[in-house]
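Undergrad: here is my input; please provide its structure:
(chains A and B)
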Protein chains: 2
Amino acid sequence: MSAGELDKKNTIDLRKKHIGPSCKIFFSHDPLKIVRAKGQYMFNEKGQQYLDCINNVAHVGHCHPDVVKAGSQQMELLNTNTRFLHDNLVLYAKRLQATLPDKLSVCYFVNSGSEANDLALRLAWQYTGHKDIITLENAYHGHVSSLIDISPYKFQQLSGAEQSQFVHVAPSPDVYRGKYRADHADPATAYADEVRDIIEQAHKKGGKIAAFIAESLQSCGGQVIPPKGYFQQVADHVRRAGGVFIADEVQVGFGRVGSHFWAFQLQGEDFVPDIVTMGKPIGNGHPMSCVVTTREVAEAFMSSGMEYFNTFGGNPVSCAIGLAVLDVIEKENLQDKALRVGQYLCDLLEKLKDKHPLIGDIRGRGLFIGVELVRDRVKLTPATAEAQEVIYKLKEQFVLLSADGPHRNVLKFKPPLCFSTEDADLVVEKMEVILTELEKALGLNMNNTVNGGNERQQASADENGPHRSSFIKTNQGTPHPSKRLKTR
Amino acid sequence: MSAGELDKKNTIDLRKKHIGPSCKIFFSHDPLKIVRAKGQYMFNEKGQQYLDCINNVAHVGHCHPDVVKAGSQQMELLNTNTRFLHDNLVLYAKRLQATLPDKLSVCYFVNSGSEANDLALRLAWQYTGHKDIITLENAYHGHVSSLIDISPYKFQQLSGAEQSQFVHVAPSPDVYRGKYRADHADPATAYADEVRDIIEQAHKKGGKIAAFIAESLQSCGGQVIPPKGYFQQVADHVRRAGGVFIADEVQVGFGRVGSHFWAFQLQGEDFVPDIVTMGKPIGNGHPMSCVVTTREVAEAFMSSGMEYFNTFGGNPVSCAIGLAVLDVIEKENLQDKALRVGQYLCDLLEKLKDKHPLIGDIRGRGLFIGVELVRDRVKLTPATAEAQEVIYKLKEQFVLLSADGPHRNVLKFKPPLCFSTEDADLVVEKMEVILTELEKALGLNMNNTVNGGNERQQASADENGPHRSSFIKTNQGTPHPSKRLKTR
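TA: Below is the predicted model of the structure:
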């Protein structure tokens, strides 16, 4: 149980021997061995501190003492399943419900975002009696087989994979790089109309829509913020077809967006999903998760006659931890802090954008921020290798950031919510130096952006960060600071 | 976070309001509010102690101090994902591997038995390139949608549910009630030949077998112990068809069977599955789980190009807890204890069987024991209502037992492994009194067993126990001690 027993090489060797090779590691050519963490900082085996801009799971800060205490105390007392009555379960459900619109009143506790999204599909299928699912381009909803099917981010990685006939992929409502952009008069309607058209097409083929599912803000998909009003219109179309709207808040919920507790609320007070799924930050790292839905959907699910039992879901320890996380968010005003620090960081990044041609777009809500790097601001040529370079250079300077999106060119900020303005200053300062060097090597300046093909680059990594480094070759053949090789 | 804050009625009311109605509760007419537990005992809000014969998840005993300490200490230090190197992950994988045959060397850590079995299917599909799955009658493998499809225990609860064309159901190798019984010359071969025939039928229809999956001992299916040699023969048939053998140890692993650490090992030293899934007891209640497979299967899975990432799976806290569970099993000789106490309990139950016609069969390995109740030892008429009655009466006497199997007439013993011979004496003593009363009311004695239809009774509950009570009507119209109504 003790950390740091083995020297790093032994750890790596044992990992190669006994851990599935599909389980990737950050910075694979020189991975990090982290032995402790506190707040927004992680520490390696030598005591070196890293500023953590990526661990959205450690929502209220790594190893928050209140959360640890709640978990430890409850572990000493009781940890069992929900076939027994327990106050933690019902008090936690009540507390969660209070953060949501009234009609979202019935909870199912599960162990992971994947279990939550799978259950959401089961609820939708049972409630509607329909089968077809509409998902978004580049979406990621989890790793169990039913979710790979509705996650283009995943199934498009498979050579020769077939898209299930029940799955329909709508364009990502990305107003920077998507089909309808910021210059469009009404991108919300335009993107929602795409969903309407998909429904019509499905109907023509005899399909029936069970659900539309989307992250309230696309995370792995490239930190995409859908235009306001999009969800309402989509929900109208989908409900008219007898389907339900599933808002996946696994990555973006619990106050991260600052202005609201849930990211779907950014769309406006009038928007209420039929099912909301939660995950990652819910237990600050403890494996837990939740699905919340309406009484109607819950009753329909019950009417199938099939019990729902989840061995670990909703156990008293998980609920104690979940309650503690809600307490800390409230007590430390972390939602407000996310709003304030997020805005501060966005402002700094916007200033950086004015000086650095590699930055194509800054978009964020609270402490959910994307910085999209491009080689050409007109053609939007993804600066994929450059994004990897930024991340590797930052790591050398003890800052952890990741890149994602279909082109792996969007730097993702999703730090613990205790992230401070000083932390923001630090990371932006370091980014500025790295971008300056990179642009110099590339021969890029504000009046001269590198042109290059806009081909889609193969994104072979998962939803959460840099697994392999890249070798940058610029069009000009400029020697590049990076010596690292793309492994495949 | 404090337990017992609400009075019981409030807890029930809040549960009705906010928890999915498909989530059933034990003893629904008068559920238990459990506020603490220790070893093999649970305590309600009034401090009343219950002997726990059913919580196989609390494997080394409820709230074992070593496990609590390991979890608490690691929670204080670090809890993050497996994209960082950590010794707990690799040391735990190494320890787990050491309990298994050498070729089962590669681990994937996940959060639940359901996630484990879903991943096992994904591994099988990818490795074989085939799609069809053979599962057993009455099998339960988990609650995510892919597993409902291969769990007759679940999908047969749905009215009008269709069996997936890729799923084939083989007879349960139940030598008491199944197609081939104890009087058969070679039930192992007979049941394995059924699988061979299924493969042939599938091939005729163009199907290709990806996997055969079975619990090493069927649990929800009625505590079924397959005849020795069955798995070897099935594995031969399945491998010849290009498929793999998945042993589901979620309920039965980690020394419960006493003579071996894994229940599949009961089949003989020569049997090695291609994939083993673990769950429930692995973390003594902490949400965690594991899939172990061969290097070949793991490499094939990687070759798809798709990363496998699980946010919580294999985190340092889960691994610390998993290591502590292994330590306790070893330190307290719990596997030996399971063997010894299990044998003691079986012997007591056999003696009970000699005197009580309601007991049709006693079968067990270690502390995994089934007591099948029948109204007629020749016709094997399931004594479903009587099994419920036993359970309810035991509960009134502060002993927790459950019933399962397709007819819900198999009393299931699967207590924490610290269960003692004194505990065994206590429960058998109480059972004796209850059975005597029941048999008297039914007019049953060893020379006069009640006849009755052998119709399959609708089993509408889940894998773990008594959710509703039953109203017993005997054929003789004898007034029955139970006044409780079957709710549906």
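Undergrad: domains of chain A?
TA: Domain assignment for chain A, taken from automatic domain parsing, gives A:8-60+A:334-442, A:65-331.
Undergrad: tell me which of those domains sits nearest to B:Ser22.
TA: domain A:65-331 (3.9 Å; CB to CB). Using the backbone N, CA and C atoms, a C-beta is placed for each residue, glycine as well.
Undergrad: would TSV of the domains of chain A with mean pLDDT, mean neighbour count and distance to chain B be doable?
TA: Shown next, in TSV, are these (pLDDT from 0 to 100; neighbours: other CB atoms under 10 Å in any protein chain shown; distance: least, CB to the nearest CB, whole Å):
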stretch	mean pLDDT	mean neighbour count	distance to chain B
domain A:8-60+A:334-442	98	21	4
domain A:65-331	97	23	4
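Undergrad: mind putting those in JSON lines, distance to B:Ile282 included?
TA: Converted to JSON lines, those look like this (distance: least, CB to CB, whole Å):
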{"stretch": "domain A:8-60+A:334-442", "distance to B:Ile282": "16"}
{"stretch": "domain A:65-331", "distance to B:Ile282": "11"}
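Undergrad: which of the ones you listed sits closest to B:Leu380?
TA: domain A:65-331 (25.8 Å).
Undergrad: nearest spatial neighbour of A:Ser164, skipping sequence neighbours?
TA: If the residues on either side of it in the chain are set aside, A:Ser164 comes closest to A:Asp149, at 4.8 Å by CB to CB, 6 or more residues apart in numbering or on different chains.
Undergrad: surely the one you found touches A:Val167?
TA: Yes - using CB atoms under 8 Å, A:Asp149 is in contact with A:Val167, at 5.7 Å.
Undergrad: nearest to B:Asn315 among the domains of chain A would be which one?
TA: For those, the distance to B:Asn315 is smallest for domain A:65-331, at 6.5 Å, taking CB to CB.
Undergrad: now the helices for chain A?
TA: Ranges of helices in chain A, per DSSP state H, are A:8-18, A:65-77, A:87-98, A:113-128, A:145-148, A:152-155, A:187-204, A:230-240, A:295-302, A:316-331, A:334-355, A:384-396, A:421-442.
Undergrad: I'd like those helices laid out as CSV, including distance to B:His260.
TA: Formatted as CSV, the helices of chain A follow (distance: least, CB to CB, whole Å):
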stretch, distance to B:His260
helix A:8-18, 21
helix A:65-77, 29
helix A:87-98, 36
helix A:113-128, 30
helix A:145-148, 31
helix A:152-155, 37
helix A:187-204, 52
helix A:230-240, 52
helix A:295-302, 39
helix A:316-331, 30
helix A:334-355, 49
helix A:384-396, 46
helix A:421-442, 53
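Undergrad: nearest to B:Arg340, out of these?
TA: helix A:65-77 (28.8 Å).
Undergrad: how far is that closest one from where the chain is centred?
TA: Offset of helix A:65-77 from its chain centre (CA atoms, centre = their mean, to the nearest Å): 27 Å.
Undergrad: can you check what angle separates it from helix B:65-77?
TA: 170 degrees (axes from the mean of the first three to the mean of the last three CA atoms, to 10 degrees).
Undergrad: please look at A:Phe301 and A:Ala124 and confirm they touch.
TA: No - counting by CB under 8 Å, A:Phe301 does not reach A:Ala124; the two are 9.5 Å apart.
Undergrad: check contacts around A:Asp183.
TA: Contacts for A:Asp183 (CB atoms under 8 Å, 6 or more residues apart in numbering or on different chains) come out as none.
Undergrad: look up how far A:Ala190 lies from it.
TA: As judged by CB to CB, to the nearest Å, A:Asp183 and A:Ala190 stand 12 Å apart.
Undergrad: likewise for A:Met306?
TA: A:Met306 is 40 Å from A:Ala190, where distance means CB to CB.
Undergrad: likewise for A:Leu158?
TA: 30 Å.
Undergrad: same check on A:Ile329?
TA: A:Ile329 sits 36 Å away from A:Ala190, going by CB to CB.
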